[in-house]
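Trainee: generate a structure from the sequence data that follows.
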Amino acid sequence: MELFFDPKSVVIVGASNAPFNLGATICSMLKEFLCYPGAVYAVNSKGEAVKGFPGYKSVLDLPQTPDLAVIIVAARHVPGVIRDCARKGVTRVIIESAGFSEEGEDGAALQREIDGIARSCGIRMMGPNCLGTLSTRDKFCCFYGINPSLVEMKQIFESPGTMSYIIQSGGMAVLVMESLYYDLVGVNKVVSIGNKCDVNEADLIDYFQNDETQVIGIYLENVGDGGKLMEAARRSRKPILIYKAGKTEEGAQAAMSHTAGMSGNDRIFDSACRQAGMIRLSSADELHSLPKMFTEMPLLKGKRIAVFTNTGAFGSIAADLLVESGLAMSVLSPQTQERLKKAGQVFNVKNPVDIGPAPPQTYLDIFEILLSAEEVDGLFPVLSVWQPFVIDALLELIKMCRHYDKPAAIYTPNAIAKTISIRAKHRIPVFERADEAVRALAVSLAYEAFRERRDQAISQCS
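Mentor: The predicted structure follows:
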């Protein structure tokens with residue numbers, strides 16, 4: 001699987017100097033933006049060089065056998081190209097061409113043909129109808145049609161992260177990467193798998209167990225092998241956040257025309273996700289908004305949440321959101337309440353804890369009191385950044401959470417632009433909406449509960 005993300009040589013079949021040629025955009029990405037150090041070859045009908053890379057009329061004419069072939073030619077030509085790859089000894093192929101099972105029975109027959117060729121020749125194949133792979137640490141990307149000046153590619157590659165995505169749709173892959181840049185967690189690897197006639201999401205879940213990935217995000221339009229996916233998810237030592245389109249009949253029909261995706265029974269899929277420990281997402285936005293809860297905070301180990309706010313109106317809002325999500329408001333003990341009274345400027349020492357204008361030390365004291373309380377499993381700070389010192393207090397809160405092994409889902413009831421700026425500048429895992437923060441606590445608890453069940457089952461079997 002590594003050769004799909006870190007090939008030492010690659011051939012782009014279909015790259016040419018024709019106007020708007022998509023293969024040429026891959027060559028541009030590798031040469032002009034990534035300064036890819038490996039050998040790159042272009043194959044086209046004229047055998048012409050592309051973006052300074054040598055050109056050939058056939059894969060068979062290449063001076064060496066490349067680690068990876070990226071194919072982006074008309075669908076009818078793909079079987080012949082794969083046969084040439086097999087004769088040349090290429091073992092990894094990404095087919096970015098469309099026109100296969102997503103376009104009806106003729107396309108499906110063509111897809112079966114290329115699948116049969118690849119399997120008989122020992123070729124692992126990604127796609128067809130996909131965007132390919134991206135690896136920030138390996139400085140490799142074979143996405144076609146991407147203009148780095150219009151996408152935050154520079155920042156994405158300059159700040160490698162720990163979030164890896166398996167995404168069926170190429171357009172969704174780009175959207176998630178752009179959105180994640182404005183959040184907190186950086187990208188490790190992204191793969192667009194398209195019609196996935198060979199390499200699928202289960203293969204990639206297994207692969208991501210052994211690299212820098214901390215959290216796996218998945219966007220699917222169909223599940224071809226549910227059993228294989230669920231087994232891979234159960235084995236995973238890393239959280240898996242999954243959004244599946246096609247819940248409704250209309251959505252399923254749309255998926256079918258996009259990546260040949262049939263949705264299947266959504267209730268069965270939902271139940272299977274819970275059993276396998278995958279976090280089923282309620283919106284595609286959660287693919288980039290929730291990972292920071294897993295990378296920046298300890299997991300939530302119980303339902304009891306303490307709310308701390310410096311703007312009183314949000315106390316009742318927070319309580320409603322927590323209870324509606326299946327969490328609970330912590331009942332603070334008399335001892336905890338007495339400690340809070342001594343902190344000063346506290347309007348309410350019961351949960352939610354409410355303060356008015358107060359100095360920095362009051363914030364730090366309250367954080368410490370609540371996190372150290374046995375009756376508190378996690379925090380929901382709803383703190384308006386009305387003074388710069390609130391930012392300093394939140395930075396200290398992150399350290400305290402790690403010390404006490406309890407998470408905080410931080411929401412700042414300020415303008416979203418201000419919240420995003422605070423998150424980006426100070427690396428604070430701040431959520432843009434109160435319901436988003438509560439959702440993060442709920443999924444953290446769900447994943448921790450699954451881990452406990454799995455570990456107990458393993459312990460009983462050993």
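
Trainee: going by C-alpha atoms from here, please, whenever you check contacts or count neighbours.
Mentor: Fine.

Trainee: can you count the residues close to Val331?
Mentor: Residues lying near Val331 (other C-alpha atoms under 10 Å) number 16.

Trainee: so how far is Ala409 from it?
Mentor: Val331 is 19 Å from Ala409, where distance means C-alpha to C-alpha, to the nearest Å.

Trainee: could you do Ala118 as well?
Mentor: The value you get for Ala118 to Ala409, if C-alpha to C-alpha is used, is 47 Å.

Trainee: what about the strands in the stretch 1-150 of the chain?
Mentor: All strands of the stretch 1-150 of the chain, identified by DSSP state E, counting those that start in this stretch, fall at 9-13, 39-43, 55-56, 68-71, 92-95, 124-126, 132-135, 140-141.

Trainee: for Phe380, which of these is the nearest?
Mentor: strand 132-135 (34.6 Å; C-alpha to C-alpha).

Trainee: give the other helices and strands that that closest one contacts.
Mentor: helix 2-5, strand 140-141, strand 187-192 (3 or more C-alpha pairs under 8 Å, 6 or more residues apart in numbering; DSSP states H and E).

Trainee: low-confidence ranges in this protein?
Mentor: 246-264, 462 (pLDDT under 70).

Trainee: grab the most central residue of it for me.
Mentor: Gly217 (3.2 Å; C-alpha atoms, centre = their mean).

Trainee: list the buried residues in stretch 349-363.
Mentor: Buried residues in stretch 349-363, counted by 16 or more other C-alpha atoms under 10 Å: Val349, Lys350, Asn351, Pro352, Val353, Asp354, Ile355, Thr362, Tyr363.

Trainee: just the ones of those in strands?
Mentor: Val353, Asp354, Ile355 (DSSP state E).

Trainee: a markdown table please, covering the strands of the stretch 1-150 of the chain and showing mean neighbour count.
Mentor: Below are those laid out as a markdown table (neighbours: other C-alpha atoms under 10 Å):
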| stretch | mean neighbour count |
| --- | --- |
| strand 9-13 | 24 |
| strand 39-43 | 23 |
| strand 55-56 | 24 |
| strand 68-71 | 26 |
| strand 92-95 | 26 |
| strand 124-126 | 24 |
| strand 132-135 | 23 |
| strand 140-141 | 25 |
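
Trainee: closest to Phe294 out of those?
Mentor: Comparing those by C-alpha to C-alpha, strand 132-135 comes nearest, at 21.0 Å.

Trainee: strands paired with that closest one, and their directions?
Mentor: strand 140-141 (antiparallel), strand 187-192 (antiparallel) (DSSP bridges).

Trainee: buried deepest among the ones you listed, which one?
Mentor: strand 187-192 (a mean of 27; mean count of other C-alpha atoms under 10 Å).

Trainee: what about dumping the CA coordinates of that strand to PDB?
Mentor: What follows is strand 187-192, C-alpha atoms only, in PDB (Å, rounded to 0.1, in the frame of the first residue of the first chain):
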ATOM      1  CA  VAL A 187      -3.400  16.400   7.100                       C
ATOM      2  CA  ASN A 188      -1.300  13.200   7.000                       C
ATOM      3  CA  LYS A 189      -2.700  11.400   4.000                       C
ATOM      4  CA  VAL A 190      -5.800  11.600   1.800                       C
ATOM      5  CA  VAL A 191      -7.000   9.000  -0.700                       C
ATOM      6  CA  SER A 192      -9.900   9.200  -3.100                       C
END
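
Trainee: can you tell me what sits against it?
Mentor: Residues from elsewhere that reach strand 187-192, judged by C-alpha atoms under 8 Å, 6 or more residues apart in numbering: 5, 127, 130-137, 156, 159-170, 173, 177, 180, 212-213.

Trainee: just the helices in the stretch 51-200 of the chain please.
Mentor: Taking DSSP state H, counting those that start in this stretch to define them, one finds helices in the stretch 51-200 of the chain at 78-88, 105-120, 153-158, 170-181.

Trainee: wait, a helix at Val323?
Mentor: Yes. Val323: assigned to a helix according to DSSP: H, G, I helix; E, B strand; the rest coil.

Trainee: which non-adjacent residue is nearest it?
Mentor: Nearest in space to Val323, with sequence neighbours left out and distances taken as C-alpha to C-alpha, 6 or more residues apart in numbering, is Met329 at 7.3 Å.

Trainee: would you map the strands across the stretch 201-350 of the chain?
Mentor: 215-220, 240-244, 279-280, 304-309, 328-329, 346-348.

Trainee: I would like the residues contacting the fifth one, please.
Mentor: Contacts of strand 328-329 with the rest of the structure, by C-alpha under 8 Å, 6+ apart, involve Lys303, Arg304, Ile305, Ala306, Val307, Ala319, Leu322, Val323, Asn351, Pro352.

Trainee: what lines up beside it in the sheet?
Mentor: When DSSP bridges is applied, strand 328-329 pairs with strand 304-309 (parallel).

Trainee: so for the partner strand, what gets flagged as buried?
Mentor: Per 16+ other C-alpha under 10 Å, strand 304-309 contains these buried residues: Arg304, Ile305, Ala306, Val307, Phe308, Thr309.

Trainee: what's next to that strand, contact-wise?
Mentor: Taking C-alpha under 8 Å, 6+ apart as the rule, strand 304-309 contacts 315, 318-319, 322, 327-331, 351-355, 370, 375-384.

Trainee: please repeat the previous calculation with a cut-off of 7 Å.
Mentor: Under the criterion C-alpha atoms under 7 Å, 6 or more residues apart in numbering, residues 315, 327-330, 351-355, 375-383 lie in contact with strand 304-309.

Trainee: kindly report the same for stretch 347-361.
Mentor: So stretch 347-361 is contacted by 306-310, 312, 315, 329-332, 337, 340-341, 345-346, 389, 393 (C-alpha under 7 Å, 6+ apart).

Trainee: mind running it again at 6 Å?
Mentor: The contact list for stretch 347-361, computed with C-alpha atoms under 6 Å, 6 or more residues apart in numbering, reads Val307, Phe308, Thr309, Asn310, Gly315, Gln337, Leu340, Gln345, Val346.

Trainee: cool, and stretch 279-297?
Mentor: Leu180, Val185, Leu241, Ile242, Tyr243, Pro407, Ala440.

Trainee: ok, those vs Ile416, which is closest?
Mentor: Leu180 (15.3 Å).

Trainee: neighbours of that closest one, how many?
Mentor: Leu180, neighbours per other C-alpha under 10 Å, totals 21.

Trainee: name the nearest residue to Leu30, sequence neighbours excluded.
Mentor: Leu30 sits nearest to Tyr36 (C-alpha to C-alpha, 6+ apart), 5.2 Å away.

Trainee: that older thread, among the helices and strands packed on strand 132-135, which comes closest to Asp455?
Mentor: Using C-alpha to C-alpha, the helices and strands packed on strand 132-135 put strand 187-192 closest to Asp455, at 27.4 Å.
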